Each structure stands twice: as C-alpha cells, then as structure tokens.
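Trainee: Model the following, please.
(one chain, ligands or ions: 1)
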Amino acid sequence: MDDQVDKAQILVASNRGPVSFSVADDGSLAFRRGGGGLVSGLSSVAADIETLWVCAALSDADRKAVAAAPEGRLDQAGFDLGGARVRMLDIAPETFADAYTWVANSTLWFVHHMLYDTPNKPGFDATFRHQWENYRSYNAAFAEALVTGAGEGAKVAVQDYHLALVPRMVRGRRPDLRIAHFSHTPWAPPEYFRMLPTDVGRELLEGMLGADHLGFLSSRWADAFLECCARFLHAGVDRRARTVQFGGRIVKVGVHGLGADGAFLRERAEADDVAQRRGELRELVGDRKLIVRVDRTELSKNIVRGLAAYRELLATRPEWRGRVTHMAYAYPSRGDVPEYREYTAAVQRLAKEINEEFGTDDWTPLILEVNDDFPRSLASYQIADVLLVNPIRDGMNLVAKEGPVLSLEGCAVVLSTEAGAADDLGKNALLINPYDISETTEALHKGLTMPQEERRARCERMVEAATALPPQRWFTDQLRALG
Ligand code: G6P
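Mentor: Numbering: from 1, shown residues only. Below you'll find the predicted structure:
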C-alpha cells in the first residue's frame, strides 16, 4: 500500500481543537463546532488539499469521543470542516493538567501578559520542574501525531504557547516538513521573560526556533521575541529583516495581523436567535445609552478596572445616573487556575457594589452575565453605543474588531493601547492606558456624548481596518510564508 495514502499535506496543531463534545441528557455524545479564525481558515483550503487538525481532548466527553473513534480520528459525521480530518489526542489527565493548567496557563500566559504579582509569584520549585517534564511529554505527543500524519514535504502550522517545543521536536524527526509556529498572545520583553528559569527560557526559544517561520500578531510582540533570542541565546538577530540565525539555520519572524471574519459575522447576525436577543435587550435598556464589554473572565482583560471606571463615571458625572446601562459579559474561563477563581469573585463583588451604590427601583446600572451566549453577544454589538475593550495586554483582541462590524448605528470603541488591535484601529478608537481608570472614565463619557455623525464615521473606518485581514487570508499567509 502506498504509505502516502491518508497522509496530510497541511496540518494544524493546537491545544483547543475545532470541535468539542458534551454528554447529552440521554447519555449520548453531542458535539459543538468551535468558531474562530483558524476553523474558517482551514476549512477554506481543506476541500482541495488533504488536511489534518491535531488537538487535545479537553474534557471527559472529548475522551469518550476519542475512545469511540479509531486511532482518535474523529469522523466527519455532523461537523463539517470542509473535509479536514481531526485527530484528538487523549493525553493522560495528570500530564495534561500539568502542561495546560500549570505550565501553559499559570506560567507562560502569565509571563507573556506580564500578570505576576511579583512579591509573591512566580517561584519555580520542584513541583514546577515536574510540571515542566509533563509539558515536554504533552508537546511530544503532538509532535508524534504530526510526524506520523504528515505526508512528504507537508506544511505544519503549530499554534500558540501550549506547543512551543513542538517545532524543534518535529524538525528533529522530519526535516522534510515545512514548519510554522504562530503566537496568538503577546511576547514578553526580555526583562520579564528572564523570570523563567534560565534553562526553561532557553528550551522554549530553541523549541520555537525549530520552525521555519514564526508568526506574531503585532510588530511589538515579534520584536520582543527577537530581543529574547538575542539576549538569552546570543543568536544572530537581524532586527530589520526580522530573522534569527541559530543552530546553522535562519528562521524568519513575521507579523500577520488577524482581522474579524466580516462575512461570517454578518451572516450569523441575520439569524432569528440574534434578532430575538436584540429585542430582549432593547426592552431591557429602553432609551438609555448602552455600554458593552465581552470577555472571558480573564486577568489580562482588566475587567475590574473597567468596572471601576464605570463606577467613577456614575460617581463623578451624576447626569448619567438612570441614563446608561452597562452590560458586562464575563464568560467562565480556566477555572482550574486559582487566580482566575479569585478574579471572578472580585468581578462579581465589584458589580454587586456598583448596583448597591447607584441602583434604583427602576434602574440597574450594571448587568453582569457570566453564562456564555454567543447570539446575545452579537445582538449586543449591534446596539451598543460604546464598546469597552481595556486589556492590560492582549495579542490582538477580536472583540474590538467584531463589535464595529456588527454595529447598526455606529459604536464608539474605548480601546487599550496595549491590545494588538490598537495597531490597526488606531485613533478611530478612543485609546486609553488600561491602568488609568480616570482616563477610561473620560473615554466612556466621550464615547457616550460623541456626535452621531462622528461616531458613525469613525466606526466605518474601524470596520474597514477590522476586516482588512480576514482569517482565511491570515491562514493562507502563514502557509505562503513557508514557501
Ligand atoms: C487565547 C489563546 C488560545 C486559547 C484561548 C481560550 O486566545 O491564544 O490559544 O484557546 O485563549 O483559552 P482556553 O484556555 O479556554 O483554550
């Protein structure tokens, strides 16, 4: 038999895959196809080229689905990825938890988003060393699946900080493959990256440099990566050409911004469930102005300071009392990480305080929703007067781009300078320092009082910038960068 049969020519590897499972009431397995740029990007090429997506089983239901599938290859029944096959890896729960919860989300995510409360954390002890071993094993499991699933000369697109060691592992075994790695997060500057144990930092950088091409969402993050390579590996870095010379090879570092999927969003927003939510929201908000935010409950999203700014708005500009509603969607995320649980509690406490301080019998100033409801988010984008996006640090932030695309009357966007999206939306948004609560308060006021004409004009320009790089293009650019 030809051993190239079934081998893929394009492979994607990411921790979170394009499909997830849950156990339905009758005990059967139900699936959900994930959204996001990568799914639509890969689907758009899968019809013509043999493609394979390697991801991890993230829940017990995922594990059940894998157990029922030959070699973990999920069949296509029901979830259409344009013909792409999916291989879900059932990694031992302890290995997975160490790699995902502790190394990826509690360490690497914290470093790249500069989230540590440094007098207390981090501290790298024997437990961390053990977790790091498991991070290696988890990366090795992905590398194994890619090496065995790839056809001769195939292109492999590895995603994010979970899989930083994969490029080097794959190259060691399959030098014929063309390997890309893409970071969806910021990259830490050397002064912060150096907190990692020296050998761990080096292993991460060397792992990524096993790729032919390394992609970042903003020139800020790409340049920080180059500085880390120069500082910690003494690699030959050409800052203008954005190349790293290391281990006898030259690795190209590229900036590939990611835009909103305008076509998908507009079509999805036409559906009845969105219209229904829009009706309910309009009834709730009445003729008040509406401030919206949509985030995972995530430390880097800076929800607490955003709520504090709203409180300051009501305190210092009493004319807004009774005339504005703030819908804050803070969806559950990474509940296994203690800091996320504490942060969720802090968000809920502050929300309660604001409503106790300012609420009246016929006005609830702040509505905090914690259950994920995609059509409700879309409906909120449609009718928001102001969208608040104030992360401390964010690779891109697609909310800032998706909101304007769906806005019916034109919305103002209060946007952190520290989000990659600020590179693209620029001064058409109301840019703020995310630590400056008073500046955020003033920007909210400015957004709420902006003349309709100006708001619409700025919003139109933001839509143009936000949709300039649709996900399909972002994905094909990554492949093209591999030659
Ligand atoms: C960020 C990361 C993604 C991740 C997502 C959700 O956008 O760059 O890789 O999938 O957060 O986080 P989660 O831990 O729920 O997958």
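Trainee: Let me know the secondary structure of the residue in the stretch 151-300 of the chain that the ligand sits nearest to.
Mentor: Closest residue of the stretch 151-300 of the chain to the ligand, C-beta to the nearest ligand atom: residue 184 (3.5 Å). All C-beta spots, glycine's among them, are computed from the backbone N, C-alpha and C. Under DSSP: H, G, I helix; E, B strand; the rest coil, residue 184 falls in the coil class.
Trainee: near the ligand, which residues of the chain?
Mentor: 16, 160, 184-185, 333-334 (C-beta under 6 Å from any ligand atom).
Trainee: quick one: the residue of the stretch 151-300 of the chain closest to the ligand from residue 471, how far?
Mentor: Per C-beta to C-beta, to the nearest Å, residue 184 is found 12 Å from residue 471.
Trainee: and residue 200, which of the three is it?
Mentor: helix.
Trainee: Name the SS class of residue 468, please.
Mentor: What three-state DSSP gives for residue 468 is coil.
Trainee: Excluding chain neighbours, what is closest to it?
Mentor: Excluding the flanking residues, the one nearest residue 468 by C-beta to C-beta, 6 or more residues apart in numbering is residue 259, at 5.6 Å.
Trainee: so is the one you found in a helix, a strand, or just coil?
Mentor: Assignment for residue 259 (three-state DSSP): coil.
Trainee: And residue 291, by the same measure?
Mentor: Going by three-state DSSP: residue 291 is strand.
Trainee: list the contacts for it?
Mentor: By C-beta atoms under 8 Å, 6 or more residues apart in numbering, the residues touching residue 291 are 310, 324-327, 384-388, 444, 447-448.
Trainee: cool, residue 135 as well?
Mentor: 98-99, 103-104, 165.
Trainee: what about the lengthiest strand in the chain, average pLDDT?
Mentor: Selection of the longest strand in the chain by residue count, based on DSSP state E, yields strand 150-159. On average, the pLDDT along strand 150-159 is 97.
Trainee: Residues in contact with that strand: which ones?
Mentor: Residues outside strand 150-159 that contact it (C-beta under 8 Å, 6+ apart): 4, 7-15, 38, 50, 52, 142, 146, 166-167, 170, 174, 176-182, 184, 211, 475, 478-479, 482.
Trainee: pLDDT wise, what is the residue nearest to residue 468 at?
Mentor: Residue 259 is given a pLDDT of 94.
Trainee: Direction included, what does the helix or strand of the chain with the lowest mean pLDDT pair against?
Mentor: Ranked by mean pLDDT, DSSP states H and E, the helix or strand of the chain with the weakest confidence is strand 73-74, at a mean of 74. Using DSSP bridges, strand 73-74 pairs in its sheet with strand 85-89 (antiparallel).
Trainee: Report all helices and strands that whichever helix or strand comes after the partner strand contacts.
Mentor: The element immediately downstream of strand 85-89 (helix or strand, assigned by DSSP states H and E) is helix 93-97. Applying 3 or more C-beta pairs under 8 Å, 6 or more residues apart in numbering; DSSP states H and E, one finds that helix 93-97 makes contact with helix 126-149.
Trainee: what angle sits between the helix it packs on and strand 85-89?
Mentor: 150 degrees (axes from the mean of the first three to the mean of the last three C-alpha atoms, to 10 degrees).
Trainee: buried set for helix 126-149?
Mentor: By neighbour count with 16 or more other C-beta atoms under 10 Å, helix 126-149 contains the buried residues 128, 131-132, 134-136, 138-139, 141-143, 145-147, 149.
Trainee: Could you check how far the closest residue to residue 15 other than its chain neighbours is from residue 405?
Mentor: Excluding the flanking residues, the one nearest residue 15 by C-beta to C-beta, 6+ apart is residue 162, at 4.0 Å. Distance, residue 162 to residue 405, by C-beta to C-beta: 29 Å.
Trainee: repeat for residue 469
Mentor: Distance, residue 469 to residue 405, by C-beta to C-beta: 13 Å.
Trainee: who has more neighbours, these two?
Mentor: residue 405 (23 against 18; other C-beta atoms under 10 Å).
Trainee: one step back: and the residue nearest to residue 468, how many neighbours?
Mentor: Counted with other C-beta under 10 Å, residue 259 comes out at 22.
Trainee: what does residue 51 give?
Mentor: 23.
Trainee: That one pairs with what?
Mentor: What pairs with residue 51, by the bridge criterion (DSSP bridges), is residue 10.
Trainee: I'd assumed residue 137 was in contact with residue 95.
Mentor: Yes: here residue 95 reaches residue 137: they are 5.3 Å apart, a contact under C-beta atoms under 8 Å.
Trainee: and the residue nearest the centre of the chain, what is it in contact with?
Mentor: Centroid check for the chain by C-alpha atoms, centre = their mean gives residue 184 as the closest residue, at 6.1 Å. Listed by C-beta under 8 Å, 6+ apart, the contact partners of residue 184 are 159-160, 217, 395-396.
Trainee: neighbour-wise, which of those residues leads?
Mentor: residue 217 (27 neighbours).
Trainee: if you skip the residues just before and after it, what's nearest to residue 308?
Mentor: Closest to residue 308 by C-beta to C-beta, 6+ apart is residue 437, at 5.0 Å.
Trainee: Help me confirm that that neighbour comes into contact with residue 307.
Mentor: No: contact criterion C-beta under 8 Å: residue 437 and residue 307 do not qualify, at 9.7 Å.
Trainee: and those two? which has more neighbours close in?
Mentor: residue 307 (25 against 20).
Trainee: Which of the helices or strands spans that one?
Mentor: Per DSSP H and E, residue 307 falls inside helix 303-316.
Trainee: Next up, the contacts around residue 321.
Mentor: 314, 358, 363, 365.
Trainee: I should have written residue 273 there, sorry.
Mentor: So residue 273 contacts residue 375 (C-beta under 8 Å, 6+ apart).
Trainee: Three-state assignment for it, please.
Mentor: Applying three-state DSSP: residue 273 is helix.
Trainee: and residue 197, how many residues sit next to it?
Mentor: Neighbour number of residue 197 under other C-beta under 10 Å is 14.
Trainee: one step back: so how far is the least confident helix or strand of the chain off the chain centroid?
Mentor: Relative to its chain's centre, strand 73-74 lies at 25 Å (C-alpha atoms, centre = their mean, to the nearest Å).
Trainee: Which residues does that strand contact?
Mentor: 19, 65-66, 85-88.
Trainee: Sketch out the low-pLDDT regions of the stretch 51-200 of the chain for me.
Mentor: The stretch 51-200 of the chain contains residues with pLDDT under 70 at 71-72, 75-80.
Trainee: Quick check: buried residues in stretch 178-194?
Mentor: 178-189, 192-193.
Trainee: residue contacts, the nearest residue to residue 367 once chain neighbours are set aside?
Mentor: Leaving aside its sequence neighbours, residue 367 sits nearest to residue 327 (C-beta to C-beta, 6+ apart; 5.2 Å). Neighbouring residues of residue 327 by C-beta under 8 Å, 6+ apart: 281, 285, 290-293, 367, 369, 380, 384.
Trainee: Taking the buried residues of stretch 178-194 together, which two end up most distant?
Mentor: 178 and 192 (31.3 Å; C-beta to C-beta).
Trainee: And the residue nearest to residue 367, its phi and psi?
Mentor: Backbone torsions of residue 327, given as degrees, to the nearest 10, read phi -100, psi 120.
Trainee: From residue 309, how far off is it?
Mentor: Distance of residue 327 to residue 309, computed by C-beta to C-beta: 15 Å.
Trainee: Thank you, goodbye.
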